[in-house]
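In: Here is my input; please provide its structure:
(2 chains)
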Amino acid sequence: AQSVTQLDSQVPVFEEAPVELRCNYSSSVSVYLFWYVQYPNQGLQLLLKYLSGSTLVKGINGFEAEFNKSQTSFHLRKPSVHISDTAEYFCAVSDQKTSYDKVIFGPGTSLSVIP
Amino acid sequence: DAGVIQSPRHEVTEMGQEVTLRCKPISGHDYLFWYRQTMMRGLELLIYFNNNVPIDDSGMPEDRFSAKMPNASFSTLKIQPSEPRDSAVYFCASSPRGTGRGEAFFGQGTRLTVV
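Out: Coordinates of the predicted model:
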């Protein structure tokens, strides 16, 4: 079964600095990959997704992620963060062949942007 | 569209009481998911429906939990009897083609406190 690892439970970063949130998934032949963001007291919303094609995926709010099949990773990056990016970020994966109805969510990374 | 609507937003109940959480998915979405979020266990998938039919309820913690979807525009999650360890935020999400391939649209959640 698929599993998702987010190595950093908390990431503090200063405003306007770059940030990378790491995500690794268990090995599989074909996967779909997602990043979701959860702002305080709200539900999750989709930041970006990788289904096929270019391994560099751009999402909303200036975020991007790169799919690396050999390293089974899908790290999220932003070149310059804002205070409003303070939130919980979840990586999610689905197996294209066996579980395409649903995703498996990682444990989440709490991003704190420091003024 | 108003998005996924959950009610109530907050629920405080005494141990042993029955609790019913409600969800109205986005019109036209064929999939509906119930999740539970806690600090200890993160985001857990409890059950999901496709075209009002329960597909996978393996995440339902025990027989005290039940979920129904009597029609395409309404679903309930019931806990009877409730216990303090059920305290969590419960999310409902809907999706047009399953979250494994597409976006999940989350409601704002119901914060349940069992005392």
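In: State the pLDDT value of the residue lying closest to B:Ser73 once chain neighbours are set aside.
Out: Distance criterion Cβ to Cβ, 6 or more residues apart in numbering or on different chains; nearest residue to B:Ser73, sequence neighbours excluded, is B:Lys24 at 5.9 Å. Heads up, the C-betas are built off the backbone N, CA and C, glycines and all. As predicted, B:Lys24 sits at a pLDDT of 98.
In: Quick check: bridge partners of B:Lys24?
Out: B:Ile5 (DSSP bridges).
In: Kindly report the same for B:Trp34.
Out: Counting by DSSP bridges, B:Trp34 is bridged to B:Ile47, B:Cys92.
In: Contacts only, for it.
Out: By Cβ atoms under 8 Å, 6 or more residues apart in numbering or on different chains, the residues touching B:Trp34 are B:23, B:45-48, B:67, B:75, B:77, B:90-92.
In: Verify the assumption that B:Arg36 is located in a helix.
Out: No - under DSSP: H, G, I helix; E, B strand; the rest coil, B:Arg36 falls outside any helix and is assigned strand.
In: burial count for it?
Out: Applying other Cβ atoms under 10 Å in any protein chain shown, we find 22 residues neighbouring B:Arg36.
In: ditto for the one 3 residues further on
Out: B:Met39 is surrounded by 6 other residues when neighbours are defined as other Cβ under 10 Å.
In: cool, A:Asp95 as well?
Out: Using other Cβ under 10 Å, A:Asp95 has 20 other residues around it.
In: touching chain B at all, the worst-scoring helix or strand of chain A on mean pLDDT?
Out: Within chain A, no helix or strand scores below strand A:104-105, which has a mean of 89 by mean pLDDT, DSSP states H and E. Yes - counting by Cβ under 8 Å from any Cβ of the partner chain, chain B has neighbours in strand A:104-105: A:Phe105.
In: tell me which residues of the helix or strand following that strand are tucked away?
Out: Per DSSP states H and E, the first helix or strand lying C-terminal to strand A:104-105 is strand A:109-114. For strand A:109-114, burial by neighbour count (16 or more other Cβ atoms under 10 Å in any protein chain shown) applies to A:109, A:111, A:113.
In: The least confident helix or strand of chain A packs against which elements?
Out: Judged by 3 or more Cβ pairs under 8 Å, 6 or more residues apart in numbering or on different chains; DSSP states H and E, strand A:104-105 is in contact with strand A:87-95, strand B:42-50.
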